[in-house]
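Visitor: Dropping the sequence and predicted coords here.
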Amino acid sequence: MSTQPTADLLFRNALPSDVDAIMSLVQRRIEWMDAQGLHQWNETDYFGRYPRRYWQDNIGRFLVGLRGASVVVAIALYESDIRWEGTGATGPAFYLHHLTTDLSAKGAGAAMMLYVERYAAAHGVTTLRLDSAVGNEVLERYYSALGYRERGRCQDRLYHGILREKRLAV
C-alpha cells in the first residue's frame with residue numbers, strides 16, 4: 001500500500017532496512033517495562049521467542065510509522081494466529097502483534113491503530129484481533145478505549161494473554 005500521512009507521521013509497509021529500527025524500538029520498550037515494573041515482554045524471553053531471524057523473515061508483515069526518517073511506531077499484521085484456535089472466531093481478520101512505539105512519540109500508537117483500521121478496510125478485512133498480557137491494566141484500558149473487547153484467554157510459553165477483538169464498521 002502506498003504511504004499516507006497522518007498528523008506528523010507517514011505510514012508505509014516495512015522494508016528489510018527497517019529491521020534494526022523495529023528491534024531497537026522493542027528493546028527500548030522492554031527496558032521501559034522493567035523501569036515501570038510492568039510484566040510483559042520483559043518477562044517472557046521476547047527476543048528468545050522472536051530472534052533476529054524472525055524479524056527478518058516477517059518484515060513484510062509489518063507496517064511502520066515514520067517521523068522524518070525515523071521509525072517511531074511499528075506493528076505486524078497476520079492473517080491467522082494459533083492463539084485464537086478453538087475460540088470460535090471466524091471470518092477474515094488481521095491479527096495484530098508487536099505494536100511498539102518510540103517512548104517520545106506520544107500518540108503514535110493510537111495513530112497506527114487508526115491507520116491499521118483504514119488499511120484493513122482497504123483490504124476487505126472487517127475484524128482486528130490482538131492480545132495483551134494478563135495483569136497489564138494500563139494496556140487493558142488502552143485497548144478497551146480503542147474498542148477492543150475481551151474474547152478469551154491464551155497462553156504461549158511464559159506469556160499469559162487476553163484475546164481481544166474489534167469489529168470495524170463497514
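Guide: Sure, I can see it.

Visitor: Going by C-alpha atoms from here, please, whenever you check contacts or count neighbours.
Guide: OK.

Visitor: Ramachandran coordinates for the nearest residue to Arg164 once chain neighbours are set aside?
Guide: Computed as Cα to Cα, 6 or more residues apart in numbering, the closest residue to Arg164 that is not its neighbour in sequence is Glu150, at 4.5 Å. Note on Glu150: backbone dihedrals following degrees, to the nearest 10 are phi -70, psi 130.

Visitor: now do Leu77
Guide: According to degrees, to the nearest 10, Leu77 has phi -120, psi 120.

Visitor: cool, and Arg149?
Guide: Main-chain torsions, Arg149, degrees, to the nearest 10: phi -110, psi 140.

Visitor: quick one: it and Ile162 touch, right?
Guide: No. Contact criterion Cα atoms under 8 Å: Arg149 and Ile162 do not qualify, at 9.6 Å.

Visitor: Just after the top helix by length along the chain, pick out the following helix or strand.
Guide: For the chain, the longest helix by residue count, based on DSSP state H, is helix 19-36. Beyond helix 19-36 in the direction of the C-terminus, DSSP states H and E gives the next helix or strand as helix 46-49.

Visitor: Grab the CA positions of that following helix and hand them over as PDB.
Guide: Provided in PDB are the C-alpha atoms of helix 46-49 (Å, rounded to 0.1, in the frame of the first residue of the first chain):
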ATOM      1  CA  TYR A  46      10.800 -11.900  24.000                       C
ATOM      2  CA  PHE A  47      13.900 -12.000  21.800                       C
ATOM      3  CA  GLY A  48      14.400 -15.700  22.600                       C
ATOM      4  CA  ARG A  49      10.900 -16.200  21.200                       C
END
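
Visitor: Just name the shakiest helix or strand of the chain by mean pLDDT.
Guide: Of all helical and strand segments in the chain, the minimum by mean pLDDT, DSSP states H and E falls on strand 4-6, at a mean of 47.

Visitor: can you give me the strands for this protein?
Guide: With strands called from DSSP state E, the chain shows them at 4-6, 9-13, 62-67, 70-78, 94-101, 127-133, 149-156, 159-167.

Visitor: Quick one: closest of the ones you listed to Gln27.
Guide: The closest of those to Gln27 is strand 94-101. By Cα to Cα, the value is 9.7 Å.

Visitor: Buried residues in the closest one, which are they?
Guide: Buried positions in strand 94-101, judged by neighbour count with 16 or more other Cα atoms under 10 Å: 94-97, 99-101.

Visitor: Same check on stretch 80-89?
Guide: Buried residues in stretch 80-89, counted by 16+ other Cα under 10 Å: 83-84.
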